Structure formats: C-alpha cells, structure tokens
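Enquirer: when you get a sec, could you give me coordinates for this:
(one chain, ligands or ions: 1)
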Amino acid sequence: MLQLFEWLGSPPSLNDQEDELKCNIAGGFSTKSCYNWLIDQQQQQQPLIPPPPPYLCIWVKFVPPKNQTFMWLAAQNAIPTTDNLVRRGVPIQNMMCSLCNSQAETVNHLLLHCSYTHKIWNYFIGGYNVRWANGGSLEAQLQAWKFRRGRNRGRKIWPLLIFAIIRSIWEERNRRVMANKSPRSEGVIINEIKKLIFHWGKAEKWFWG
Ligand SMILES: [Zn+2]
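Expert: Modelled structure (predicted):
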C-alpha cells in the first residue's frame with residue numbers, strides 16, 4: 001500500500017477552484033451529450049464501452065421494471081449465477097446447474113441451453129409454429145426476439161414472453177438453491193409463465209376474453 005501511495009505521488013492541487021464538468025458541446029455537459037459522444041466513438045470504431053444489450057427489447061411496455069432490470073443485468077452476465085459468484089470469490093462447493101445437475105451453471109446455460117429450460121422454450125416457441133434456434137447467448141436471444149412472431153394476440157404476447165420465461169426459470173433456480181425446495185416439473189413452470197403473462201397483460205383490451 002505504501003509503495004502504491006509513493007508511486008501515485010501527491011494529488012494535484014485544486015487551486016481553490018470549484019470542481020466542474022466541462023464539455024466542448026454548446027450548452028455544457030448533459031447525459032444526452034455524453035451518450036451521443038460515446039455512440040460517436042463507437043461508430044468511429046474506437047470501442048470505449050462494450051456494446052450495450054439491445055435496449056429496445058428490454059424496455060418493453062407492460063413488463064414490470066424489476067423484470068426489465070433483471071433482464072438488463074442478465075444480458076450483461078451480471079446476475080449471481082454460480083460461475084459469477086465464484087469469480088467474485090464466493091466459496092461454492094457445487095458448481096452444477098440446479099435444474100439439470102449435469103453441467104456447470106452459467107447465465108447462458110441456465111436460461112437458454114439447460115435441458116430443463118429447453119423444454120420450456122420449446123413449448124412456447126412451438127405454439128408459434130416458427131423455426132427457431134435459441135441464440136448462443138441471452139443477448140443474441142434478445143436481438144433475435146425483437147422481430148415479433150405470430151398474429152393478433154400472439155403477436156402482442158411475444159415481447160412479454162421472453163421476460164416471463166426468464167423470470168420463472170430464475171425463480172425456480174432460486175427456490176432450489178436458496179430455499180432448498182423440491183424441484184417443480186417443466187409443466188408447472190409453463191403454467192407459472194402463462195399466469196405471469198396474463199397478470200401483466202390483463203389491463204389491456206386486447207387481452208380481454
Ligand atoms: Zn442445467
């Protein structure tokens with residue numbers, strides 16, 4: 001620590017001036033100007049920030065903010081899955097996925113590729129009668145999900161579906177890992193997902209009947 005302080009040296013003096021944010025855009029600093037500057041940097045192939053998750057698929061009407069935030073974190077691999085906890089130094093003995101118990105738990109395995117999870121995706125996507133292969137990552141899945149499928153009510157449900165699936169799988173995982181509860185079958189989770197979608201969409205006229 002002492003070596004570090006020695007290396008850093010004395011802090012520069014502030015000359016009794018007040019701190020301020022300066023920006024060469026007319027009107028001074030604003031979040032918008034900063035965001036536009038970052039986007040410009042990216043377009044000029046100078047990646048200063050990692051590409052953001054596809055926001056348009058995340059900030060979806062009817063989905064509660066808590067679930068939107070969870071999706072935003074999950075798409076950036078920032079939720080407390082076993083592999084992420086181990087990376088942060090949490091001592092965990094069993095690294096296996098609690099849903100299938102045959103592979104290590106990662107965000108993409110748990111939410112997309114696990115054999116248990118796969119049956120749930122297949123059930124709902126099968127209902128849309130479309131050819132579909134789950135994306136390699138949750139972010140890729142979100143990117144592909146922005147093109148709506150189905151007709152009429154099914155088309156309106158499509159954007160909500162991904163949130164309901166992800167949330168229900170995460171809840172089942174937490175029930176098993178945190179609360180030590182007995183596993184529920186895929187069929188029970190499918191019903192939970194249907195209930196969630198009904199709950200989120202029921203205020204809308206298109207959902208009546
Ligand atoms: Zn699994």
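Enquirer: do the helix ranked longest in the chain and the ion come into contact?
Expert: For the chain, the helix with the greatest residue count under DSSP state H is helix 152-177. No. Contact of helix 152-177 with the ion (CB under 5 Å from the ion) is absent, the minimum separation being 9.2 Å. To be clear about C-beta, it is placed using only N, CA and C from the backbone, and glycine gets the same treatment.
Enquirer: and that helix, which residues are buried?
Expert: 156-170, 172-173, 176-177 (16 or more other CB atoms under 10 Å).
Enquirer: ok, stretch 124-138 next?
Expert: For stretch 124-138, by 16+ other CB under 10 Å, it's 124, 125, 128, 132, 134, 135, 137, 138.
Enquirer: so the first one sits right up against residue 166, yeah?
Expert: No. With the criterion set as CB atoms under 8 Å, residue 124 and residue 166 do not qualify as a contacting pair; they are 11.8 Å apart.
Enquirer: what packs against the longest helix of the chain?
Expert: Packing partners of helix 152-177 (3 or more CB pairs under 8 Å, 6 or more residues apart in numbering; DSSP states H and E): helix 65-75, helix 115-127, helix 138-145, helix 186-201.
Enquirer: quick check, pLDDT for the residue lying closest to residue 203 once chain neighbours are set aside.
Expert: Once flanking residues are discounted, residue 203 sits nearest to residue 62: 8.0 Å by CB to CB, 6 or more residues apart in numbering. If you check residue 62, the pLDDT there is 89.
Enquirer: check contacts around residue 114.
Expert: Contacts here follow CB atoms under 8 Å, 6 or more residues apart in numbering; on that basis residue 114 touches 97, 99, 100, 103.
Enquirer: the same query, at a cut-off of 6 Å, please.
Expert: Neighbouring residues of residue 114 by CB atoms under 6 Å, 6 or more residues apart in numbering: 97, 99, 100.
Enquirer: kindly reformat the residues you listed as a markdown table containing distance to residue 187.
Expert: As requested, the contacts of residue 114 are exported to a markdown table (distance: CB to CB, whole Å):
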| residue | distance to residue 187 |
| --- | --- |
| 97 | 19 |
| 99 | 14 |
| 100 | 16 |
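Enquirer: give me the buried entries from these.
Expert: With burial judged by 16+ other CB under 10 Å, the buried subset of those is 97, 99, 100.
Enquirer: dump stretch 2-14 to CSV, restricted to CA.
Expert: Provided in CSV are the C-alpha atoms of stretch 2-14 (Å, rounded to 0.1, in the frame of the first residue of the first chain):
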residue,chain,number,x,y,z
LEU,A,2,2.8,2.4,0.9
GLN,A,3,4.5,1.6,-2.4
LEU,A,4,1.3,2.4,-4.2
PHE,A,5,1.0,5.8,-2.4
GLU,A,6,4.6,6.5,-3.2
TRP,A,7,4.1,5.7,-6.8
LEU,A,8,0.9,7.8,-7.1
GLY,A,9,2.7,10.9,-5.6
SER,A,10,0.9,13.9,-4.2
PRO,A,11,-2.5,14.8,-5.6
PRO,A,12,-2.6,17.8,-7.9
SER,A,13,-3.7,21.0,-6.1
LEU,A,14,-7.2,22.2,-6.9
